[in-house]
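Peer 1: What shape does this take:
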Amino acid sequence: MRVGAIFPQTEIGSDPSVIRDFAQAAEALGYSHLLAYDHVLGAVHEGREPRLTGPYTEATTFHEVFVLLGYLAALTTRIELMTGVLVLGQRQTALVAKQAAEVDILSRGRLRLGVGTGWNWVEYDALNENFHNRGVRQEEQINLLRKLWTEPVVSFEGKYHTIDRAGISPMPGRSIPIWVGGGTDERLLRRAARVADGMIPQWPANEKGEAIMEQFKGYLVEAGRDPEAFGFESQVSLSAGRDKWRTHAETWKKMGMDYVSVRTMTAGLESPQAHIDAIREYAEEVGTSL
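Peer 2: Residues are numbered from 1 along each chain as shown. Prediction:
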């Protein structure tokens, strides 16, 4: 199981040299990948109907994820770059294909695209996309992304997209891996089993989570997919405490995860340097490959 580091979007600040230092430290420490969360807009929560229940507000800092990964591509040489997750439904699919292809080209094939549906309907409205059909639309988006990455000229007529003999150039030279993030909703699980290369599940690391994993592998078989060729990635939190770091990682490994990412956000760290120190401490205690 490979160990990655989560880019501390909400706490790292805006100094480009600090962002550089975190990414280069993660690479030097042997982490397999850097995972970055995504939001375009933050929104005031008060006075909303329906309520906004997610953890981020108008005051939360988020670097734009494709620009960020393009910057990190130039500052690193080996470490994989990943969105975890890009809120795909609130973005134009052809534009995502173009931006992801560019990051993959500039990083020499180091992008893994994690996608999800999100929770912030205010953000969807502001970006002129439909929050209510974001789940069913995601499958068509994923299929179209793959066509745009692998076919120089695309003609596509779907329920939500129309392309008449057009394509992106330069192309990435491969179909960029697409991983789907989400919880236990059966519709999401079956969709991921049909179209994703991997899953970033929000499942508990216990018997319930093991049962969901087995259920999901059954969906893969039903979809004609090989469960052994499908990837899984989980997360561990630094705030769990040093005495639990290895136990948590090993629990995920026993459940069949291929990757785990350590999250230093919301762990009470008081400076960007503290995040670098934290991933160094975790690498020394747990390692970057289990």
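Peer 1: This protein: helices as residue ranges?
Peer 2: Per DSSP state H, the chain carries helices over the ranges 16-28, 65-75, 93-106, 121-126, 134-150, 186-195, 207-222, 242-255, 272-285.
Peer 1: From the contact counts, what lies against the last one?
Peer 2: Looking back up the chat, that one is helix 272-285. Helices and strands touching helix 272-285, as assessed by 3 or more CB pairs under 8 Å, 6 or more residues apart in numbering; DSSP states H and E, comprise helix 16-28, helix 242-255. From N, CA and C alone the C-beta is placed, and that goes for glycine too.
Peer 1: Can you tell me which of these is most buried?
Peer 2: Across these, the average number of neighbours (mean count of other CB atoms under 10 Å) peaks for helix 16-28, which reaches a mean of 17.
Peer 1: Tabulate the CA atom coordinates of it in CSV.
Peer 2: Coordinates of the C-alpha atoms in helix 16-28 are reproduced here as CSV (Å, rounded to 0.1, in the frame of the first residue of the first chain):
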residue,chain,number,x,y,z
PRO,A,16,4.3,30.2,-3.4
SER,A,17,7.6,29.3,-1.7
VAL,A,18,5.7,27.6,1.2
ILE,A,19,3.6,25.7,-1.3
ARG,A,20,6.7,24.7,-3.1
ASP,A,21,8.4,23.6,0.1
PHE,A,22,5.5,21.3,1.1
ALA,A,23,5.4,19.6,-2.2
GLN,A,24,9.1,19.1,-2.5
ALA,A,25,9.3,17.9,1.1
ALA,A,26,6.6,15.3,0.4
GLU,A,27,8.5,14.1,-2.6
ALA,A,28,11.9,14.0,-0.8
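Peer 1: now it: how far from the chain's centre is it?
Peer 2: Between the centre of helix 16-28 and the centre of its chain there are 19 Å (CA atoms, centre = their mean, to the nearest Å).
Peer 1: angle of it against helix 272-285?
Peer 2: If you take axes from the mean of the first three to the mean of the last three CA atoms, to 10 degrees, helix 16-28 sits at 0 degrees to helix 272-285.
Peer 1: Now do helix 16-28, average pLDDT.
Peer 2: Here helix 16-28 scores 98 as its mean pLDDT.
Peer 1: which other residues reach it?
Peer 2: Contact with helix 16-28 is made by 4-5, 7-8, 12, 34, 63, 68, 71-72, 75-79, 272-273, 275-276, 279-280, as judged by CB atoms under 8 Å, 6 or more residues apart in numbering.
Peer 1: would TSV of the helices of the chain with distance to Arg51 be doable?
Peer 2: Output for these, formatted as TSV (distance: least, CB to CB, whole Å):
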stretch	distance to Arg51
helix 16-28	33
helix 65-75	26
helix 93-106	28
helix 121-126	10
helix 134-150	18
helix 186-195	21
helix 207-222	27
helix 242-255	31
helix 272-285	31
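Peer 1: nearest to Ala59, of these?
Peer 2: Nearest to Ala59 among the helices of the chain is helix 121-126; the distance by CB to CB comes to 14.4 Å.
Peer 1: elements contacting that closest one?
Peer 2: Secondary elements touching helix 121-126 (3+ CB pairs under 8 Å, 6+ apart): none.
Peer 1: buried residues in it?
Peer 2: Neighbour-count burial for helix 121-126 flags Trp121, Val122, Glu123, Tyr124 (criterion: 16 or more other CB atoms under 10 Å).
Peer 1: From what I see, the last one and Arg91 are in contact.
Peer 2: Pointing back at Tyr124 there. No - Tyr124 is beyond contact range of Arg91, at 10.0 Å (criterion: CB atoms under 8 Å).
Peer 1: The lowest-mean-pLDDT helix or strand in the chain versus helix 272-285: what angle between them?
Peer 2: The weakest-scoring helix or strand in the chain, judged by mean pLDDT, DSSP states H and E, is helix 242-255 (a mean of 94). Between helix 242-255 and helix 272-285, the angle comes out at 60 degrees (the same axes, to 10 degrees).
Peer 1: Helix 242-255 vs helix 207-222, what angle?
Peer 2: Using the same axes, to 10 degrees, helix 242-255 lies at 30 degrees relative to helix 207-222.
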